[in-house]
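Student: Got a predicted structure here, sequence first:
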Amino acid sequence: MGMPARILWRSLLLLLPLQALAQQTAAALAALADHRFSRMTPGTVAAPWRRVGLPGQKVPLTQFAITQEGTVPVLRIQADASYGNLLFDMAGHTLPAAALLRWRWQLAEAPEGTDLRRKDGDDAPLKVCALFDMPLQAMSFGEQTRLRVARAMSGEALPSATLCYVWDRLLPVGTELPNIFSARVRYLVVSQGPARPGQWLTIERNLASDFLRAFGHETAVVPPLLALAIGADTDNTGSHSLGYAGDLDLSLR
């Protein structure tokens, strides 16, 4: 085999893992599309979506249900001094730089006293989160230690980097800040203000660039995406919120 042929053959071998990865990513996106809220029957949210809380959680779980909005089923999210998320496993697939995350939501009843800058106000009536598998070596030694301790104490494989898009009462759209309890979670405000019953807001975000905005001080590479989540929490303020959300759509554009 001549030199040009060997180079071509090696190039093809290198492409095979990339093609397999692309197929796996496409399969994960297809699974998300196949399990849209708008395809569900009103009532309990269908699997593989699953409700999760904090390790050892003592407060009630946020309530989720499929309800009818006109002719389209949507997700109803009600928090009563509670915490919880609906999780969809993305199996650790790598995102292309142009991956877009889209959804729409409506805040019908807003909680009282929220302030993401304070522990007693760290609640969000609506949030969409992306959970990433960042290598521990990308973090500072202190962050590595804290995450290892948290994983050991909880017995859970806690994600190493989580980006949450939130609706916030106070902070302007575009604000990015760490969760006051853990720097492994970062907030990005995409909707702001009081409840707007009946008014749907559509959000579209470049997930890769937003991740680097939030965690770029630790890594220049977007790690694999473990899961997507949607939820609400009012456990720190002990208040009530009610919101609705449409389908989560992740596309490669």
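Tutor: That came through fine.

Student: Tell me where the stretch 101-250 of the chain has strands.
Tutor: 124-132, 161-168, 176-178, 185-192, 201-206, 225-233, 240-245, 249-251 (DSSP state E, counting those that start in this stretch).

Student: Give the buried residues for the fourth one.
Tutor: Just to be clear, that refers to strand 185-192. 185-191 (16 or more other Cβ atoms under 10 Å). No exception for glycine: its C-beta is placed from N, CA and C like everyone else's.

Student: repeat for stretch 175-183
Tutor: 175, 180, 183.

Student: can you list the strands of the stretch 101-250 of the chain in JSON lines and add mean pLDDT?
Tutor: As requested, the strands of the stretch 101-250 of the chain are exported to JSON lines (pLDDT from 0 to 100):
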{"stretch": "strand 124-132", "mean pLDDT": "96"}
{"stretch": "strand 161-168", "mean pLDDT": "96"}
{"stretch": "strand 176-178", "mean pLDDT": "96"}
{"stretch": "strand 185-192", "mean pLDDT": "97"}
{"stretch": "strand 201-206", "mean pLDDT": "97"}
{"stretch": "strand 225-233", "mean pLDDT": "94"}
{"stretch": "strand 240-245", "mean pLDDT": "98"}
{"stretch": "strand 249-251", "mean pLDDT": "90"}
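
Student: Tell me which of the ones you listed lies nearest to Met40.
Tutor: strand 240-245 (12.5 Å; Cβ to Cβ).

Student: which helices and strands does the closest one pack with?
Tutor: Helices and strands touching strand 240-245, by 3 or more Cβ pairs under 8 Å, 6 or more residues apart in numbering; DSSP states H and E, are strand 72-80, strand 100-109, strand 124-132, strand 225-233.

Student: Need the pLDDT of the closest residue to Ala81 other than its chain neighbours.
Tutor: The shortest distance from Ala81 to any non-neighbouring residue, by Cβ to Cβ, 6 or more residues apart in numbering, is to Gly238 (4.5 Å). Note on Gly238: pLDDT of 97.

Student: if I look at Gly238, how far off is Asp123?
Tutor: Separation of Gly238 from Asp123 (Cβ to Cβ, to the nearest Å): 9 Å.
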